[in-house]
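A.B. asks: build me a model from this:
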Amino acid sequence: MSGEVRTLLVWCPDWAVVAAEIVDGVDASGPVVVLRENRVVACSEAARREGVRQGLRRREAQSRCPQLVVVEHDPGRDARAFEPVVAAVEEAAVGVEVIRPGSCALAARGPARYFGGEEAAAERIVEQIAEACAVESQVGIADGVFAAGLAARDGRLVAPGETAAFLAGMPIDALERPELVDLLKRLGVKTLGDFAGLPAGDVLSRFGFDGALAHRLASGRDHRPLAVRQPPPDLDVADTYDEPLARVDVAAFAGKVLAERLHEKLAAHGLACTRLGIEAVTADGQELHRVWRHDGTLTAAAIAERVRWQLDGWLTGARRGTATRPTAGLVRLRLIPDGVLVHLGLQPGLWGDAGADRERAHRAFSRVQGLLGPEALVTPVLGGGRSADDQIRLVPWGDEREPARPAAPHAEPVPEVGTVPLLARSEAPALSLQLILPTAEEPPEDEATEDTEPRTPTEGAEVIQLESRRAARSAGTPKEQLEPTKARLRVVEPPPEPSAAGQAIGPSAAGASAAGAAAGAASGVTLVTVSAGRRKGGGRRVPALVALPPWPGRLPKPAPAVVPLQPPAAVVLDDSGTPVGVSARLDLTGDPAALIVERGDPITITGWAGPWPIDERWWADEESRRRARFQVVLEDGRALLLSLAGGHWAVEAIYD
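C.D. replies: You can find the predicted model right below:
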């Protein structure tokens with residue numbers, strides 16, 4: 001491994017916890033965890049003694065240690081607190097590169113010659129950090145940044161040429177690529193040595209570009225050296241300010257402008273920045289300089305983010321017991337692409353890297369929330385509910401995407417229910433409904449035999465014509481004579497859905513035979529059959545309940561395209577211009593013929609279906625809602641979902 005640069009890497013354990021102690025005053029000697037997206041990303045030594053580990057959920061971590069102190073993850077705080085540590089390292093050596101908050105690296109050759117060896121240089125740097133910042137740190141030295149980072153975890157100095165052997169025994173988790181590591185474990189690759197033994201060409205074809213980079217690291221070869229070539233000087237960008245920049249937000253905005261200019265200039269030359277130098281000059285001539293290193297290419301957003309972190313660290317100066325702020329405001333900023341590569345050298349795979357896009361979007365969304373508040377950016381979560389306005393819950397970005405109400409998946413549109421198009425009012429025949437109820441009791445369970453032939457759904461059942469019963473009831477026939485047998489099954493018809501042509505469609509036969517369904521579709525007759533079942537706790541067979549879909553009465557798919565936040569008021573008229581209503585028995589006072597929405601002109605209704613009643617949460621006065629829903633198709637081709645509650649019509653949703 002003689003081609004790799006001897007690298008000295010400084011690592012501060014549990015830096016996120018230490019930064020919280022420096023900036024926020026949290027007692028790091030006690031059980032402390034840092035959470036990101038409700039998972040532990042760092043924990044103190046006291047928390048580890050209680051069984052807390054990285055990756056645990058908040059609830060599980062608190063169950064293991066009830067006295068746990070929870071701190072939210074803040075990269076800006078970590079970077080701001082790490083600035084004094086980098087400054088302390090620079091007092092003992094030059095050319096420091098910040099890997100991430102809590103870790104920095106530099107070439108080991110210079111300090112080793114100056115202090116009399118690599119071990120002496122490591123001890124001097126650890127002492128310097130402890131004296132200047134009162135921070136515990138560890139140093140690792142090896143060939144390459146990746147190996148030095150692993151060596152720093154144990155405070156080891158790997159001899160020149162032995163880096164490959166040192167890495168061979170490391171577990172594959174050291175790559176810190178969860179998806180790749182999980183796949184390699186399932187393939188039987190347990191250590192970095194096993195992974196390094198695979199042919200490089202096969203790794204590239206199987207695992208892609210990111211897998212090839214990880215393979216180089218496992219083999220003890222960094223994908224780029226610690227110090228890359230110096231770029232042409234004309235790639236630098238700088239700006240001078242008449243008013244000194246003393247506030248972090250003002251300086252960060254100025255740095256964002258410079259970051260965009262730098263990225264555009266690099267893109268024009270086909271280059272990408274991998275190491276960024278940030279220089280600042282104060283009003284009284286004090287010069288500040290820092291270098292940030294990144295494993296990939298720095299985008300405009302990533303450059304602006306690191307500039308903001310660095311300016312925050314300079315202008316606030318979070319060091320224990322001392323003030324490290326500049327002596328005056330900043331009057332000049334300069335960004336130097338200290339390390340560049342041809343952009344094609346880090347080109348993603350053929351189909352791109354989804355992780356990079358996701359991280360870029362997450363950073364942008366988090367930045368918006370930081371400026372405008374967590375509720376300024378929300379995402380919809382689909383849950384349970386019966387109407388379009390209560391099935392969606394808006395969740396702030398970064399929170400757990402849990403629905404407000406549980407909902408199980410269901411078939412399209414409703415299980416066991418077929419649909420046929422509903423014709424226009426002028427063409428549709430009068431619909432009749434036949435309810436088939438058993439008239440003879442089934443034999444007791446002990447009399448039933450295994451060789452009994454199965455009965456058809458309509459065998460031994462009485463067919464009741466509801467239209468004739470309704471007419472007889474209107475003529476004054478006593479109710480007792482209209483109910484020769486009692487039904488033990490209540491069938492609720494779900495609302496229909498619009499067809500692809502925009503016409504409303506209604507429910508057809510459920511559980512009927514193919515011939516019965518075809519006849520029902522042709523004649524407009526709906527058959528509801530009750531199959532034989534077994535009553536709980538009894539010996540007689542009773543009709544079995546039809547399995548209802550999740551959230552009975554919910555709108556079937558497809559979902560409406562537009563759901564207004566405030567449903568517009570509407571009026572439904574019949575042919576004579578009289579408002580249409582619904583009685584307590586769900587009888588319409590007239591056939592819907594026209595619709596008026598918010599004092600607009602009447603629009604002819606060419607097709608409609610309903611009503612479907614809903615009486616939700618009647619036991620809770622504040623949450624109860626009782627209404628009837630209709631689906632209508634207008635003359636202009638629009639399909640709407642209407643609701644009638646308390647005598648008032650409203651447009652709940654609009655279909656596309």
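A.B. asks: OK, contacts around Ala16?
C.D. replies: Ala16 makes contacts with 34, 41-42, 71, 73, 78, 101-102, as judged by CB atoms under 8 Å, 6 or more residues apart in numbering. C-betas here are computed from N, CA, C, even on glycine.
A.B. asks: helix or strand for it, just tell me which one.
C.D. replies: Using DSSP states H and E, Ala16 sits in helix 15-24.
A.B. asks: which positions within that helix qualify as buried?
C.D. replies: In terms of neighbour count (16 or more other CB atoms under 10 Å), helix 15-24 has its buried residues at 15-23.
A.B. asks: model confidence over it, on average?
C.D. replies: Averaging pLDDT along helix 15-24 gives 91.
A.B. asks: ok now it, how far from the chain's centre?
C.D. replies: Counting by CA atoms, centre = their mean, to the nearest Å, helix 15-24 is centred 28 Å from the centre of its parent chain.
A.B. asks: which residues does the residue nearest the centre of the chain contact?
C.D. replies: Among the residues of the chain, the smallest C-alpha distance to the mean C-alpha position (CA atoms, centre = their mean) belongs to Arg401, namely 6.2 Å. Listed by CB under 8 Å, 6+ apart, the contact partners of Arg401 are 379, 381, 395.
A.B. asks: please identify which helix or strand holds it.
C.D. replies: With elements delineated by DSSP H and E, Arg401 resides in a region that no helix or strand encompasses.
A.B. asks: and the buried residues of helix 15-24 as TSV, adding distance to Ser29?
C.D. replies: Listed next are these as TSV, based on distance: CB to CB, whole Å:
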residue	distance to Ser29
Trp15	15
Ala16	15
Val17	10
Val18	11
Ala19	15
Ala20	12
Glu21	9
Ile22	13
Val23	16
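A.B. asks: longest helix anywhere in this structure?
C.D. replies: Ranked by residue count, the top helix of the chain under DSSP state H comes out as helix 248-268.
A.B. asks: that one packs against which elements?
C.D. replies: The elements that helix 248-268 packs onto, with contact taken as 3 or more CB pairs under 8 Å, 6 or more residues apart in numbering; DSSP states H and E, are strand 237-245, strand 271-282, helix 300-316, strand 330-342.
A.B. asks: helices and strands around the third one, which ones?
C.D. replies: Judged by 3+ CB pairs under 8 Å, 6+ apart, helix 300-316 is in contact with helix 75-90, helix 248-268, strand 271-282, strand 287-298, strand 330-342, helix 354-372.
A.B. asks: which of those has the lowest mean pLDDT?
C.D. replies: Of all these, helix 354-372 has the smallest average pLDDT, which comes to a mean of 68.
A.B. asks: circling back to that earlier point, send the alpha carbons of the longest helix of the chain over as CSV?
C.D. replies: Presented in CSV, the C-alpha positions along helix 248-268 are these (Å, rounded to 0.1, in the frame of the first residue of the first chain):
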residue,chain,number,x,y,z
VAL,A,248,-24.8,34.3,11.4
ASP,A,249,-27.9,34.5,9.3
VAL,A,250,-26.6,37.5,7.2
ALA,A,251,-23.2,35.8,6.7
ALA,A,252,-24.8,32.5,5.8
PHE,A,253,-26.9,34.2,3.1
ALA,A,254,-23.7,35.8,1.7
GLY,A,255,-22.0,32.4,1.8
LYS,A,256,-24.9,30.8,-0.1
VAL,A,257,-24.6,33.3,-2.9
LEU,A,258,-20.8,32.5,-3.2
ALA,A,259,-21.5,28.8,-3.1
GLU,A,260,-23.9,29.0,-6.1
ARG,A,261,-21.3,31.0,-8.0
LEU,A,262,-18.6,28.5,-7.2
HIS,A,263,-20.7,25.6,-8.3
GLU,A,264,-21.6,27.2,-11.6
LYS,A,265,-18.0,28.0,-12.3
LEU,A,266,-16.9,24.5,-11.6
ALA,A,267,-19.7,23.0,-13.7
ALA,A,268,-18.7,25.2,-16.6
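A.B. asks: one step back: could you export the helices and strands packed on helix 248-268 to a markdown table, including columns for mean neighbour count and distance to Gln54?
C.D. replies: Below are those laid out as a markdown table (neighbours: other CB atoms under 10 Å; distance: least, CB to CB, whole Å):
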| stretch | mean neighbour count | distance to Gln54 |
| --- | --- | --- |
| strand 237-245 | 14 | 37 |
| strand 271-282 | 22 | 27 |
| helix 300-316 | 23 | 22 |
| strand 330-342 | 21 | 30 |
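A.B. asks: would you turn the ones you listed into TSV with distance to Ala593?
C.D. replies: Below are the helices and strands packed on helix 248-268 laid out as TSV (distance: least, CB to CB, whole Å):
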stretch	distance to Ala593
strand 237-245	69
strand 271-282	66
helix 300-316	57
strand 330-342	70
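A.B. asks: tell me which of those lies nearest to Tyr655.
C.D. replies: Minimum separation from Tyr655 across those (CB to CB) falls at helix 300-316, 39.2 Å.
A.B. asks: what is the orientation angle of the closest one with strand 271-282?
C.D. replies: 20 degrees (axes from the mean of the first three to the mean of the last three CA atoms, to 10 degrees).
A.B. asks: ok, which stretches of the stretch 101-250 of the chain are strands?
C.D. replies: Residue ranges of the strands in the stretch 101-250 of the chain, as given by DSSP state E, counting those that start in this stretch, are 103-107, 138-143, 237-245.
A.B. asks: good, wrapping up.
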